[in-house]
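Colleague: from the sequence below, what's the structure:
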Amino acid sequence: MLLALLGGEELPARELAARARASSSLASAHLAKLSDGGLLVVERRGRNRYYRLADRRTAEAIEAILAIAPQRRAHSLRESSHGEAMRHARTCYDHLAGALGVALTDSLSSKA
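Modeller: Next up, the predicted model:
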């Protein structure tokens, strides 16, 4: 669920549950703990609650954990494709990330 929010968008609880392949009740319990812990901000809109990362520091902490976390083997083609896309190119709040972001930064730095 935290990875789904890493791009800076706000998502409803049901979408986060679906992305995590978790039941609504399990996702709600985790989201409540993450919100209580100050990692997420929740905004109520009608009957839905929308979640987002609390701030840039939270995103940076998740990025740091991802850097040291052991790689997990994909169990499906969908997981494999998603993981490959995340490693190739993505955004995180205000910067490019992934191999494409590194290559672009290297290219711009070498021309300076």
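Colleague: now do stretch 12-28, average pLDDT.
Modeller: The pLDDT scores in stretch 12-28 average 93.
Colleague: list the buried ones in the helix or strand containing residue 51?
Modeller: In the assignment (DSSP states H and E), residue 51 maps to strand 48-53. Neighbour counts over strand 48-53 (16 or more other CB atoms under 10 Å) mark 49-51, 53 as buried. The way it works is simple: take the backbone N, C-alpha and C, and place the C-beta from them, glycine included.
Colleague: could you dump those to JSON lines with distance to residue 12 and pLDDT?
Modeller: Shown next, in JSON lines, are those (distance: CB to CB, whole Å; pLDDT from 0 to 100):
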{"residue": "49", "distance to residue 12": "7", "pLDDT": "95"}
{"residue": "50", "distance to residue 12": "5", "pLDDT": "97"}
{"residue": "51", "distance to residue 12": "8", "pLDDT": "98"}
{"residue": "53", "distance to residue 12": "15", "pLDDT": "96"}
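Colleague: let's have those in TSV, adding distance to residue 5.
Modeller: Formatted as TSV, the buried residues of strand 48-53 follow (distance: CB to CB, whole Å):
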residue	distance to residue 5
49	13
50	10
51	6
53	5
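Colleague: show me which pair in the residues you listed is furthest apart.
Modeller: 49 and 53 (14.7 Å; CB to CB).
Colleague: thinking again about what came up before, touching the strand holding residue 51 from outside, list them.
Modeller: With contacts defined as CB atoms under 8 Å, 6 or more residues apart in numbering, strand 48-53 is touched by 1-2, 5-6, 8-14, 16, 31, 34-35, 39-44, 59, 62.
Colleague: buried subset of those as a PyMOL selection?
Modeller: Those of the contacts of strand 48-53 that count as buried under 16+ other CB under 10 Å are selected in PyMOL with:
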select buried, resi 1+2+5+6+11+13+16+31+34+39+40+59+62
